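J.: any chance you can model this:
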Amino acid sequence: MTARVLVTDGGERSALAAVRGLGRADYSPYVVSARPPSLAGSSRYCREEFSAPDPLADPAGFSKAVGSIAQRHAVNVLLPITDAAHLAVLSDASLPPSLRVAAPDRETFLFVADKRLVLEGAEAIGIAVPRQMVLQEAGGLREALDAGLDFPLVVKPSRSVSSGSQARLKLGVRHVAHVAECMAVLEGLPQAAYPVLLQQRVVGPGVGIFLLLWNGERRAIFSHRRIREKPPSGGVSVYRESIPADPELVARSASLLESFGWQGAAMVEYKVDEDTDTPFLMEVNGRLWGSLQLAIDAGVNFPVLLVQSVLGQEPDPVVSYRIGVRCRWWWGDVDHLWLRLSRSAEALALPPGSPGRLKTLAEFLIPWRPGDRSEILRLSDPLPFLHETLRWIRRR
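T.: The predicted model follows:
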């Protein structure tokens with residue numbers, strides 16, 4: 001009998017990638033989501049989809065529902081996808097004892113989810129981090145400017161999801177170009193967003209180092225570069241390419257995670273300064289990431305390797321993969337194009353040297369290059385793309 005894996009947050013692209021990766025490897029993936037049918041739940045590889053409260057709005061209700069589903073259907077492994085799902089289930093000691101959660105312990109996850117603590121730990125072991133100050137309230141801006149920070153700056157809440165015990169908030173990153181804009185952003189943040197990092201902006205390509213660490217072993221290594229993002233100034237990647245993993249960045253990233261006692265999958269995100277070629281650490285995502293499908297397409301099936309590790313198996317480490325594989329999230333790329341055509345470079349906070357509108361349009365209109373794959377649209381599994389398309393149209 002194949003292991004049964006319950007994948008949370010079925011509306012996430014990483015959930016779909018996990019379901020496909022597990023299903024093709026003959027595991028039995030189930031999906032839970034707040035609003036079925038979901039993106040991952042519409043995949044032909046999903047055995048069954050269940051409804052549960054939103055882990056952001058009702059973390060306790062979400063965890064209770066997940067535990068009940070896992071017990072009724074003899075689920076072996078719970079694979080939380082978002083930060084909110086992790087925080088909900090890792091805070092619940094009442095989950096069935098037979099259920100293995102594919103995540104580190106709660107304290108370790110909370111530490112890695114705190115950007116301030118991660119960047120402090122990185123600097124302590126010699127990893128470059130952006131110049132920054134930590135603000136406990138909006139009134140700290142003047143002190144930060146007096147300390148030598150210059151615009152443009154990045155306003156980054158220390159946590160992407162607030163960690164209170166009741167309803168939680170998802171918190172985003174903002175780029176600001178001047179004092180008035182920065183003050184408006186800071187004053188508009190809820191108190192739960194603080195402490196906030198005010199960082200000097202690093203201009204250059206984004207590079208991700210992806211690792212699966214288990215029992216002191218590097219069981220998977222992968223790297224990609226971002227080609228286009230949404231929003232264009234920096235966000236989720238909509239088009240990305242597998243690249244050779246820089247051995248030095250791999251070593252730094254593994255050392256950083258190991259210093260936290262990390263066990264599991266994680267993305268360590270860098271920006272490489274275009275003037276100095278210095279890689280600056282941006283953050284660590286201690287979960288499966290949005291561009292997961294690219295790693296699987298390139299030959300590193302993180303969900304399977306993670307589930308095998310959780311179940312006590314010892315898969316052979318995967319440290320080589322196909323280079324030059326590109327993965328395109330089509331509707332995300334359409335959003336990227338729309339933003340570039342409808343808003344000015346200043347309004348989008350684009351860094352100097354960004355391609356103009358005509359070049360952006362010309363690049364988008366190239367439908368396929370050797371090595372390209374569509375992230376969502378797969379002829380062998382077409383319903384998720386139909387589901388996403390209908391959802392995208394309803395949002396317009």
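
J.: could you use CA atoms for every contact and neighbour count after this?
T.: Fine.

J.: using CSV, write out every CA atom in the helix or strand containing Lys359.
T.: Lys359 is part of helix 357-364 when elements are defined by DSSP states H and E. The C-alpha trace of helix 357-364 is given here as CSV (Å, rounded to 0.1, in the frame of the first residue of the first chain):
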residue,chain,number,x,y,z
ARG,A,357,7.8,48.3,-22.4
LEU,A,358,8.5,47.3,-26.0
LYS,A,359,11.2,44.9,-25.0
THR,A,360,9.0,43.4,-22.3
LEU,A,361,6.2,42.9,-24.8
ALA,A,362,8.6,41.3,-27.4
GLU,A,363,10.0,38.9,-24.7
PHE,A,364,6.5,37.9,-23.6
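
J.: tell me which other helices or strands that helix touches.
T.: On a contact count with 3 or more C-alpha pairs under 8 Å, 6 or more residues apart in numbering; DSSP states H and E, helix 357-364 meets helix 330-342.

J.: next SSE after the helix holding Lys359?
T.: Moving on from helix 357-364 towards the C-terminus, the next helix or strand you reach (DSSP H and E) is strand 372-374.

J.: hang on, the earlier thing: show me what the mean pLDDT comes to for the helix holding Lys359.
T.: The average pLDDT within helix 357-364 is 96.

J.: got the angle between it and helix 330-342?
T.: Per axes from the mean of the first three to the mean of the last three C-alpha atoms, to 10 degrees, the angle that helix 357-364 makes with helix 330-342 is 170 degrees.

J.: got a list of contacts for helix 357-364?
T.: Counting contacts by C-alpha atoms under 8 Å, 6 or more residues apart in numbering, the residues outside helix 357-364 that touch it are Asp333, Leu337, Arg340, Leu341.

J.: please identify the buried residues of that helix?
T.: Within helix 357-364, the residues that qualify as buried by neighbour count (16 or more other C-alpha atoms under 10 Å) are Arg357, Thr360, Phe364.

J.: do the same with stretch 273-283
T.: By neighbour count on 16+ other C-alpha under 10 Å, the buried set for stretch 273-283 is Asp273, Thr278, Pro279, Phe280, Leu281, Met282, Glu283.

J.: how about these in TSV, adding pLDDT?
T.: Output for the buried residues of stretch 273-283, formatted as TSV (pLDDT from 0 to 100):
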residue	pLDDT
Asp273	95
Thr278	96
Pro279	96
Phe280	97
Leu281	97
Met282	95
Glu283	94
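
J.: can you give me the strands for the stretch 251-396 of the chain?
T.: Applying DSSP state E, counting those that start in this stretch to the stretch 251-396 of the chain gives strands spanning 264-272, 279-285, 326-328, 372-374.
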